[in-house]
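Trainee: coordinates only, sequence not included:
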């Protein structure tokens, strides 16, 4: 069992920055791949980024060049640094553990088996 707790969301003006944190417990972070997703009102959950258990990272085209995912294995925490925020980035952001047995593409929520409760990010234009 893995517990995930996100923090760092809030209200920011367009062009601003926020850093989200996802603290994991119940499993050593270094052995798992962690993803960030977001869901805006009335829309489906959308993949944002993933940090593989090694050093590789991957981003959705919509955030590439603006968002950076990182991890601190000593703190069992994954971060999402979000810069140059836009109004369309407004959503609830959730972190999730990638299932080791996942047989679906990385952007599919079905490939993740533990989820945090989410943190709201609101970008005002």
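Mentor: Done, it's in. Because the structure is predicted, anything quoted here is derived from the model rather than measured. Numbers count the residues shown, from 1 in each chain.

Trainee: Nearest spatial neighbour of residue 18, chain-adjacent residues omitted?
Mentor: Using C-beta to C-beta, 6 or more residues apart in numbering and skipping residues adjacent in sequence, the residue nearest residue 18 is residue 82, 5.0 Å away. For every residue, glycine as well, the C-beta is placed using N, CA and C.

Trainee: which residues touch that neighbour?
Mentor: When contacts are counted by C-beta atoms under 8 Å, 6 or more residues apart in numbering, residue 82 touches 17, 18, 19, 20, 63, 66, 67, 89, 121.

Trainee: Report the contact partners of residue 28.
Mentor: For residue 28, the contacting residues are 73, 76, by C-beta under 8 Å, 6+ apart.

Trainee: meant to ask about residue 18, not that
Mentor: Neighbours of residue 18 in contact, by C-beta under 8 Å, 6+ apart: 8, 9, 10, 12, 82, 85, 121.

Trainee: residue closest to the middle of the chain?
Mentor: Computing the C-alpha centroid of the chain and ranking residues by C-alpha atoms, centre = their mean puts residue 36 first, at 1.9 Å.

Trainee: Secondary structure element for it, which one?
Mentor: strand 34-39 (DSSP states H and E).

Trainee: angle of whatever helix or strand comes next after that strand against strand 34-39?
Mentor: Under the assignment DSSP H and E, the closest C-terminal helix or strand after strand 34-39 is strand 46-51. Going by axes from the mean of the first three to the mean of the last three C-alpha atoms, to 10 degrees, strand 46-51 is angled at 160 degrees with respect to strand 34-39.
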